[in-house]
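A.B. asks: Structure of the sequence below:
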Amino acid sequence: MTCTVTNNTGQIFQVRTDSLNLVFNDKASEPVARFVKLAIAEDGYEKLEISSTESGVVIADVDRQEAVGFESVGRTVVLSDNTARMIVHIISPVFQDGNKWRFNDGERSFNASLLDGDFLIKINKGERFGKGDILDVDMRAVQAGTGMKTSIERSILKVHRHLTPQEQASLI
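C.D. replies: Numbering: from 1, shown residues only. Purely as a prediction, here's the structure:
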């Protein structure tokens, strides 16, 4: 089965559907691109052929010029970008710069970057953390899609309050 594909310059091609599915599947297209480029990159090799061991029929072939076109076309697209104020429980603080902390929002656990510089200064000066602490934060969640995969990246932009278990009891 084939389908019609139009490229950026307006050229129209007939492409086998299974080939098109391969191109848009990140888990498959990246290893195939690496395999083709590595095979053709060897000195003395001008062409890569894949053939059936039973019949000897060539299933696919790629020459040195065509191998350049083997690239993963997976492109990340931002699907949503939202910031909301919320309460999160600290599961595991991370004091190594650039590493993500682990939090729970009452429903699920997740990793998030802590980007509030003022709050990080307090931590570096020795602000105490303990079991059951919660943070009142502005949480940014960016949902992105690459090919057929969707992911979400969370970051804490601002910590409004850091509450210990004793302070939480007074909120009720």
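
A.B. asks: Let me see the domain layout of the chain.
C.D. replies: 2-67, 76-171 (automatic domain parsing).

A.B. asks: Which of those has the highest mean neighbour count?
C.D. replies: domain 76-171 (a mean of 13; mean count of other C-beta atoms under 10 Å). Yep, even glycine has a C-beta here, placed from its N, CA and C like the rest.

A.B. asks: pLDDT weak spots in this structure?
C.D. replies: 26, 72-74, 147, 166-172 (pLDDT under 70).

A.B. asks: Quick one: residues in contact with the longest strand belonging to it.
C.D. replies: In terms of residue count, the longest strand belonging to the chain (DSSP state E) is strand 76-92. Defining contact as C-beta atoms under 8 Å, 6 or more residues apart in numbering, one finds that strand 76-92 is touched by 101-106, 109, 112, 129, 132-146, 150, 156-157, 160.

A.B. asks: Report the central residue of the protein.
C.D. replies: By C-alpha atoms, centre = their mean, the chain has its centre lying nearest to residue 151, at 5.7 Å.

A.B. asks: so is it in a helix, a strand, or just coil?
C.D. replies: Under DSSP: H, G, I helix; E, B strand; the rest coil, the three-state class of residue 151 is strand.

A.B. asks: Return the distance of it relative to residue 97.
C.D. replies: With distances taken as C-beta to C-beta, to the nearest Å, residue 151 is found 23 Å from residue 97.

A.B. asks: Who are the contact partners of residue 123?
C.D. replies: 93, 95, 129.

A.B. asks: CSV for these, including distance to residue 34?
C.D. replies: Listed next are those as CSV, based on distance: C-beta to C-beta, whole Å:
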residue, distance to residue 34
93, 38
95, 37
129, 43
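
A.B. asks: between those residues, which is nearest residue 43?
C.D. replies: residue 95 (49.8 Å; C-beta to C-beta).

A.B. asks: Grab the nearest non-local neighbour of that closest one.
C.D. replies: Among residues not flanking residue 95 along the chain, residue 123 sits closest, at 7.0 Å (C-beta to C-beta, 6 or more residues apart in numbering).

A.B. asks: Now the helix or strand containing that neighbour - C-alpha only, PDB.
C.D. replies: According to DSSP states H and E, residue 123 maps onto helix 117-124. Presented in PDB, the C-alpha positions along helix 117-124 are these (Å, rounded to 0.1, in the frame of the first residue of the first chain):
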ATOM      1  CA  GLY A 117      16.500  31.500  43.000                       C
ATOM      2  CA  ASP A 118      15.400  33.100  46.300                       C
ATOM      3  CA  PHE A 119      14.200  29.800  47.700                       C
ATOM      4  CA  LEU A 120      17.400  28.100  46.600                       C
ATOM      5  CA  ILE A 121      19.400  30.700  48.500                       C
ATOM      6  CA  LYS A 122      17.400  29.900  51.600                       C
ATOM      7  CA  ILE A 123      18.200  26.300  51.200                       C
ATOM      8  CA  ASN A 124      21.900  27.000  50.700                       C
END
